[in-house]
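A.B. asks: here's a sequence, model it:
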Amino acid sequence: MNKTEKYQLNQWELTDRIQMEDFNSDNAKIDAALAEQAAALDTKASKAELAAEQTARINADKAEKAAREAAVAAQLSTLRSENMWVKLGEVTLTQAGPQMSITVANVERYARIWGQYTLHGPKVVSCSLGTVFSLDLLELDAYNSTLSIGTMDIICCGSTAYFCTESHTNDGQHTWGHSDSSLRANSGLSGSTEFKVFTEDADLAAGAYMVLYGLKK
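C.D. replies: Predicted coordinates:
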């Protein structure tokens, strides 16, 4: 082999070596780029997983709070419904009339029934409790200018009932009170019972009002 051939051979080897180095360098760059991309994907996945975990934790906390609040509300509802006062009815006259009433279903379920009323006008007003008995609320000399506010209270003990009414009345000049009561050994209080306020002379004026509450046994 002459010098020219040796020189050409060396040149080829050098070219091959450079090409190999370039190839290896390119591969290294590609590997580095792929590794960087993989690391970025891993980081993104980690962030997504973290965000998902945080969202799940927040949702779980909200669900737990909602369940706790629902349990408390249910407990309060149960407490309110047992051995407590409940509203049985309310009525307001929109125009003058001879009576107003509230009907209470299963009246025997209540240990006590308490009511409040506001009246205008008539001289004589009574209150009846079903067909059992009635009591006077007002027996007045004044007329039309009369305002009366009062209460009724029925205490039930088995078949015995104590029925008491009390009113406070003003005729524009004077204020006075009136009360009446009755104790019945056989009250007959059961089933559907009408509590009625009615007049014996003129109509109750518009705006007359009555409300009843019951204490459950």
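A.B. asks: C-alpha only now, for contacts and for neighbours.
C.D. replies: Fine.
A.B. asks: show me how the protein divides into domains.
C.D. replies: What automatic domain parsing lists as the domains of the chain is 1-82, 86-216.
A.B. asks: okay, now the longest one: how far is its last residue from its first?
C.D. replies: If I follow you right, that is domain 86-216. 8 Å (Cα to Cα, to the nearest Å).
A.B. asks: I'd like the mean pLDDT over that domain, please.
C.D. replies: Mean per-residue pLDDT for domain 86-216: 82.
A.B. asks: stretch 54-71 too?
C.D. replies: For stretch 54-71, the mean pLDDT works out to 78.
A.B. asks: for stretch 87-102, which positions count as buried?
C.D. replies: 88, 90, 99-102 (16 or more other Cα atoms under 10 Å).
A.B. asks: from those residues, which land in strands?
C.D. replies: With strands defined by DSSP state E, the entries of these inside them are 88, 90, 99-102.
A.B. asks: tell me the two of the residues you listed that are most distant?
C.D. replies: Using Cα to Cα, these span at most 18.1 Å, a distance reached by 88 and 99.
A.B. asks: look up how far residue 185 lies from residue 117.
C.D. replies: To residue 185, residue 117 is 26 Å away according to Cα to Cα.
A.B. asks: ok, residue 92 next?
C.D. replies: 33 Å.
A.B. asks: do the same with residue 217
C.D. replies: Taking Cα to Cα, one finds residue 217 at 19 Å from residue 185.
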